[in-house]
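# What would the 3D arrangement of this be:
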Amino acid sequence: MFGCFKKKKTNKSLEDLKKDVVIDDHEIPLDALFKRYTTSEKNGISEAEATNRLNRDGPNALTPPKQTSKWIKLAGSIFGGFNFLLWCAASASAVGYGMDLSMSDDEEVPKDNMYMAIILATVVTVTGLFDFYQNRKSGNLMDSFANMIPPKTLVVRDGATREIEVKDLVVGDLVRFRGGDRVPADLRVTLARGLKVDNSSLTGESEPQTRNMNCTSKNALETKNLCMFSTSVLEGSGEGIIIGTGDRTFVGRIAALTTQVDPGPTPLAKEINHFIKIISIVAFTVGIAFFILALVYEYPPLKAIVFFMGIVVANVPEGIVPTVTVSLTLTAVKMRKKFCLVKKLQAVETLGSTSTICSDKTGTLTQNRMTVTHLWFDGKIKDTEILPPNDHFKGEKKYEKEDSYQKLLRCATLCSRSHFRVPEFDVPLAKRVVNGDASEVAIMRYCEMIRGDGQVDEFRKIMPKIGEIPFNSTNKYQLSIHPMSKKQNILVMKGAPEKILKLCSTYYQNGETKNVSKKFEKEFQQAYETLGSYGERVLGFCDLEMSTTKFPPGFKFNMEEPNFPIKNLRFLGLISMIDPPRPGVPEAVRVCQNAGIRVVMVTGDHPITARAIANQVHIIEENVQVTEIVNADPKCDPASDEIYGKGRLKPTGAVVIHGEQLTTMSPKTLKAVVTNYHQIVFARTSPAQKLQIVEAFQSVGNIVGVTGDGVNDAPALRKADIGIAMGITGTDVSKQAADMILLNDNFASIVTGVEEGRLIFDNLKKSIAYTLTSNIPEITPFMSYVLFGLPLPMSIIAILMIDLGTDLWPAISFAYEVPESDIMQRAPRNPLYDKLVNKRLVMFSYMQIGAIQACAGFTTYFVLMMSNGWFPQDLLNISEQWDNKYIDDLEDSYGQQWSYESRKALESCCYGTFFFTIVVTQWSDLFASKTRKNSLVMQGMENHVLNTSVIFTCFLAIFVLNTPFVNEVLGVQGFRLEIGFLALPFAFFIGLYDEVRRYFIRTYPGGYIYKETYY
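Below is the predicted model:
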């Protein structure tokens, strides 16, 4: 209660910030408030006292959080994640080269390890810098909060009004404000003249909120006598006593909560870390095994260490980092073209993993534009013509010929203060600028749609306004008087339906004026309740054709003290309106549900409105029983953990929960709600509650996406696995807190994001499976060298040429692969089991396709050796003699003598043969990896980037093998073409094998082959 008199804190605990603020400054009498803050209603506080309080409490500004140094962020991008493993590989290569130098007495030492270290360091640094550049564009969250603060304001001190900087305001200050200003701090209203504020950024309500001196709710965000820091004053003027400044304001708490919330690693980051663990375990296990074997085979310890490092490096897929980075970037560019702007690259995949979307209502599911939807006249509720959001109205006007409708339309046209700012007949009516509050704007647009472009203004010119009583919260109506003809005036009125009916003694129906009866009142009440149950705002309309004798032309109407009748009027009908769903949203929600994604509404709006929109967009289905936890239940003990199916948590399929009741729920109760109800609406929620809801879903294993556009959404947006802000109506704060921005503000665009997210995850799996496959034919040459003493079949440089050369474009080309047919029918992946890299993928890539490729490589290797006189049995345990540069007379199987240079020339041909064999068999693996389940015939060959990559790798391999100087630097040589053709049968076998495997996966889902090979 007295928190504003404590020394300013900048380190409130996160748990304290998550709790809703409980204050009574709006409930106590004004005299008690002045006494509490030692201030005056007319004179404010003194300058001296203001200085003391400013020194004690600190400035009226938001405290920025500690910023992570850009150098630390840069280091994280370059050395973090998979890059760390590559740096280890680069270091191992450098150490290996150093050990080769130390063990060699010769001047010439193989530079393969040195080249490996340099290339890896270069690749990792470049991709790290690119990642740093992408993430640095996210911006500073606190800057957007700071932009909400007005620079100056009017304050009364020592009885004098002066303009000061907002940061110098203190609690107890008396401030003055008017339409167009921003509220400079949290304050209690002491004077209001037609005051209305826009609280949408804090509460999500799009309707302007009236402010006066009356306490109307215990909830500080809903009472009418408080104005909150940074909200906009729409119209009127007022004065107020400041009760909270800086970090102690509601916005200050939201800012602190937003900046302190830890979003945690993205699902893709977790998958990359899991991948690192798998590759590290495999690499070090194999490396240690061969280190031990090398010692058993009596290799020197230093040589054994070199073998260990070589095996470790060979197991690390060097091309993974650029492949993942480029693939995510390409997908982000593709999503940008579909109105989804991704701020962080790893967020590209997160939306595809999402299992629950907590969506705001206003502006996301709905159009953020009140629209007339129903009429009630002649005793019937009637659907209106719907105004197209992006086009001119071209449909049929249904009720033009009905007299009752014409009278209702006349009243709605005249009884209004709204008007078009400028004629814009070439602009769709829904996008024309109209001055007025949301309800009047909706009615104005409806009347213009029915009457035609410019006809509302023309009609008003014929019947100009003589006098007017504006709407106020006391009267709850608005009236105006117009000349109906040269001899007669007409009074038109609109307002709260129950108030309008009380002022009427007659009603107009089917061309007749009749007296109001009990039957009519019952029909009225039924219609009013029906329209209200739709979540629509309802207004009543009436008129009075005034007496020509009592109120002749030229009569002076007194609007301050009415000298004309405002009772015994004629009731005309009801007009109801709502912020309708965006076109395409119901279909988008249905697609999400078919994809196994639960869509939950989390809004600051009223439960009735929220439920009505939820019904329209399929968040709550029509025939499902709904549990409403809206009012306090005296039987409920807030401290107890409630069980689904008992007490308030009735065993139904859907639930609507009011924010005030959410505060009475224990964490276990909320967990029971999010676990058991599949159709959920949270209404009247605070920023802290939105965060609480997100954490509840995450605690039961959901990957949560959150959409929002206001300041109140910022903590939840930041905490979510992926925060999605609105690009048009969204505040800067929400955009900075989010990971993705919908450029068209349309929920339907999320479906695109989900599909692209799932597609990139699938394609990354395919890319990694493709890349890992070549690890086995790259590792086995070293294994044969250590275990069997064969001359080395392939060099480290050739491995680099595969991983960062011939494999790179094909691996990246998977980013362009079209989705498989079931991508939006399957359930979201389970992050505990459905990993990016799992045991089945590793076993399939290594022990099946990789093993076939290794067989192909050794086949061409041995055939090449045999064609040059070296039979396999004679190559066993010959490596030590083969590599001895002092032996120039080593005999082959035919007794021919080979010099050291000729042996190394043949070895270079072996490197080239093995290299080319891997390239050819990787072509087949590339097409096999296009699809995890579909037949290649079903998947098609639409990916032209992938098709082109085969041609590229072919020409690159020819260039590397046959270009002078290049092949010398890389240590590879060309070979006879017929030996290269030996790789083709293996390539065909890989394609056939994988096609048969996928056939069994499709035919016998859940069978042995599915369980063992479907990755």
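# What segments of the stretch 651-800 of the chain are helices?
With DSSP state H, counting those that start in this stretch as the criterion, the stretch 651-800 of the chain has helices at 659-662, 667-676, 687-699, 714-719, 732-737, 748-773, 775-787, 796-801.
# could I get the ones you listed as CSV with mean neighbour count, distance to Ser576 and mean pLDDT?
No exception for glycine: its C-beta is placed from N, CA and C like everyone else's. Listed next are the helices of the stretch 651-800 of the chain as CSV, based on neighbours: other C-beta atoms under 10 Å; distance: least, C-beta to C-beta, whole Å; pLDDT from 0 to 100:
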stretch, mean neighbour count, distance to Ser576, mean pLDDT
helix 659-662, 22, 25, 87
helix 667-676, 18, 31, 92
helix 687-699, 23, 29, 90
helix 714-719, 30, 31, 87
helix 732-737, 26, 30, 79
helix 748-773, 24, 26, 89
helix 775-787, 23, 66, 88
helix 796-801, 24, 70, 81
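# Quick one: closest of those helices to Tyr999.
Evaluated over the helices of the stretch 651-800 of the chain, closeness to Tyr999 peaks at helix 748-773, with 18.0 Å, by C-beta to C-beta.
# Tell me the gap between that closest one and the middle of its chain.
17 Å (C-alpha atoms, centre = their mean, to the nearest Å).
# can you tell which of the helices of the stretch 651-800 of the chain is closest to Ser949?
helix 748-773 (10.8 Å).
# So Lys224 versus Gln478, what's the distance?
Distance from Lys224 to Gln478, counting by C-beta to C-beta, to the nearest Å: 19 Å.
# pLDDT weak spots in this structure?
1-21, 65-67, 81, 103-110, 112, 134-150, 201, 203-207, 473, 638-639 (pLDDT under 70).
# domain assignment for it?
27-39+152-257, 341-366+582-633+640-745, 371-578, 758-820+837-1014 (the TED database).
# First-to-last residue distance for the last one?
If I follow you right, that is domain 758-820+837-1014. Distance between the two ends of domain 758-820+837-1014: 17 Å, counting by C-alpha to C-alpha, to the nearest Å.
# Of all the helices of the stretch 651-800 of the chain, which one comes closest to Ser929?
Using C-beta to C-beta, those put helix 748-773 closest to Ser929, at 4.4 Å.
# tell me which strands and helices the helix or strand where Ile918 lies is in contact with?
Per DSSP states H and E: Ile918 is located in helix 900-928. Packing partners of helix 900-928 (3 or more C-beta pairs under 8 Å, 6 or more residues apart in numbering; DSSP states H and E): helix 748-773, helix 775-787, helix 796-801, helix 850-867, helix 944-962, helix 977-980, helix 983-1003.
# What residues sit buried inside that helix?
900, 903-904, 906-928 (16 or more other C-beta atoms under 10 Å).
# From what I see, Thr780 and Phe858 are in contact.
Yes: if you go by C-beta atoms under 8 Å, Thr780 and Phe858 touch, sitting 7.3 Å apart.
# Using the three-state scheme, assign Ile823.
coil (DSSP: H, G, I helix; E, B strand; the rest coil).
# Touching, it and Arg758? I think so.
Yes: when contacts are counted by C-beta under 8 Å, Ile823 is listed as touching Arg758 (5.3 Å).
# Could you report the neighbour count for Glu560?
6 (other C-beta atoms under 10 Å).
# residues contacting the residue nearest the centre of the chain?
Nearest to the mean C-alpha position of the chain, by C-alpha atoms, centre = their mean, lies Ile724 at 2.8 Å. Contacts for Ile724 (C-beta atoms under 8 Å, 6 or more residues apart in numbering) come out as 351, 705-708, 717, 738-742, 750, 753.
# And the strands in the stretch 101-250 of the chain?
152-157, 160-165, 174-178, 186-198, 209-211, 226-227, 232-244 (DSSP state E, counting those that start in this stretch).
# If you could redo that for the stretch 601-750 of the chain, that was the one I meant.
626-629, 654-658, 679-683, 704-708, 722-726, 740-742.
# how near is the closest residue to Asp186 other than its chain neighbours to Lys567?
Excluding the flanking residues, the one nearest Asp186 by C-beta to C-beta, 6 or more residues apart in numbering is Gly244, at 3.6 Å. Gly244 is 45 Å from Lys567, where distance means C-beta to C-beta.
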